[in-house]
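Asks: Everything below, folded, please.
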Amino acid sequence: MRIHLVGVDYLTAPLTALASLAPADELALTVMGREPGIAGAALLSTCNRYELIVDATDAVDPDRLLGLAKAGIRELAPDVDPRALAGLEVRSDDTAICNLFEVGAGLCSAVVGDKQVAGQLRRAYELASDRGQCTARLHRLFHDCLRVSRTVASSTSLGAVGRSAAGVGLDLAMGRGGLRGARVLLMGTGSFARVVVAELTDRRVGEIECWSASGRAEEFAAHHPVTPVPSDGLDRALQSADLVITCSGNGVVLSGAELSVARPELARNADRQLSVIDLSLGGDVDEAAAELPGVHLVRLDDVSSRTAQLQSAVIEEAQRVVTQGVAAHLSKERARAADPLVTALRQHAKVLVDDELARVRENESPEVVQAVERSLRHAIGVMMHTPTVRFSQLAEEGRLEDCRTALDVLFGVEVEA
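Replies: Numbers count the residues shown, from 1 in each chain. Here you go, the predicted model:
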């Protein structure tokens, strides 16, 4: 069996392309239904990445898996952006496992250390587990991955500081003043908007207004502490905002022309009267808005750069924890590969003991038989200890075939690979 990861993220496809994958949320079930060699699968789908984690037989090669994934996506999401499909890549075995651990720790996020992805990964695992899509191998993989993620969060500064992109952006935009009581305009209602609202609520802003280019502000407001802005109310909301945050990912939603109409003073005054945070990977704010003298614009690139400056040493520390966690996981999995050999050896010893006891029973009293049985089983237990330990050690070193050969040559026990 092999672990594969088929995925695309913000580095290999635009955010708008990733958004087109949202309808394909049943990809794990789809590929499992079409390929008997896929024993288990789980799907991690967020605004920044779309990754299918698979446990499959050796007969399912990466090219076959990539083809299955693309076919399944096209069926589930007929309007998928071709750029999302073009960005799909397959990682296998140790590389796939390492990638999953790094994702869970927040090392692969748009802003390194983003604390949201661990929860998203946990929910992806729980969903697959509840549906019976997880093999024992996948259970162990996710358990270890989430455990290492918690270790990074609790034992490194990355975990302690581990904040969302919204939190870093707010610090950059409002570093000279607090947010308590401020009026904030949020432009966007996607998955990242929920993160922004949570961060703003923690900082006790006065009011959060929400406007959506797609008209979903009312729906979003029904589940979050925001005031919806009508589609034709953007100018009024801009006029009263102390801070504007965009995270729609649908292209430009805030232009210089709109800002100039709603707040004419921004075109004349260079005192940075309005801070704007653009947290969209594709960019929601156009250059004309950025060039207005009265606008202080913070882009996602600024957030990423600032995070890297502050946390370069911390990132290295977190990477070491992840590397150690991956090594420990792989070591345990290699050791488990010796289990069938140990079982076969124990079964061989049991047969020998049972045969000898049957012979003794024909000639000796029950008391003698019991004494012989105790002695034999104790002796076999002692004799089995060293080969059992050595099989596990050699398997960890990648020498499983040596164990298989020794078992055959010394005991005449054959175990198929």
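Asks: and L158, what element?
Replies: Assigned by DSSP states H and E, L158 belongs to helix 157-161.
Asks: Packing partners of the helix or strand that that helix is followed by?
Replies: Next helix or strand after helix 157-161 toward the C-terminus (DSSP H and E): helix 165-173. Under the contact criterion of 3 or more CB pairs under 8 Å, 6 or more residues apart in numbering; DSSP states H and E, helix 165-173 touches helix 191-202, strand 243-246, strand 274-278, strand 295-299, helix 300-336. No exception for glycine: its C-beta is placed from N, CA and C like everyone else's.
Asks: Try it again at 7 Å.
Replies: helix 191-202, strand 274-278, strand 295-299, helix 300-336 (3 or more CB pairs under 7 Å, 6 or more residues apart in numbering; DSSP states H and E).
Asks: got these as TSV, with distance to G381 and mean neighbour count columns?
Replies: Output for the helices and strands packed on helix 165-173, formatted as TSV (distance: least, CB to CB, whole Å; neighbours: other CB atoms under 10 Å):
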stretch	distance to G381	mean neighbour count
helix 191-202	56	20
strand 274-278	66	26
strand 295-299	66	21
helix 300-336	20	17
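Asks: Ok, which of those comes nearest C403?
Replies: helix 300-336 (11.1 Å; CB to CB).
Asks: Can you report the mean pLDDT over the residues of the helix or strand following that closest one?
Replies: Note on helix 300-336: by DSSP H and E, the next helix or strand toward the C-terminus is helix 339-363. Averaged over helix 339-363, pLDDT sits at 88.
Asks: Check stretch 109-121 too.
Replies: Mean predicted confidence for stretch 109-121 is 82.
Asks: So what would you say the end-to-end distance of that stretch is?
Replies: 12 Å (CA to CA, to the nearest Å).
Asks: contact partners of it?
Replies: Outside stretch 109-121, the residues that touch it by CB atoms under 7 Å, 6 or more residues apart in numbering are 10, 44, 46, 48, 103-104, 106, 146, 149, 158, 161-165, 168, 195, 281, 300, 303-304, 307-308, 311, 315.
Asks: Please apply the same query to stretch 20-27.
Replies: By CB under 7 Å, 6+ apart, stretch 20-27 touches 43, 45, 50, 52, 69, 72-73, 76-77, 79-81, 84.
Asks: ok, now with 10 Å
Replies: Stretch 20-27 is contacted from outside by 6, 8, 13-14, 30, 33, 41, 43, 45-47, 49-50, 52, 68-69, 72-85, 88, 127, 131, 190-191, using CB atoms under 10 Å, 6 or more residues apart in numbering.
Asks: From these, list the buried ones, please.
Replies: Among the contacts of stretch 20-27, those scoring as buried are 6, 8, 13-14, 30, 41, 43, 45-47, 49-50, 52, 68-69, 72-73, 76-77, 80-81, 84-85, 88, 127, 190-191 (criterion: 16 or more other CB atoms under 10 Å).
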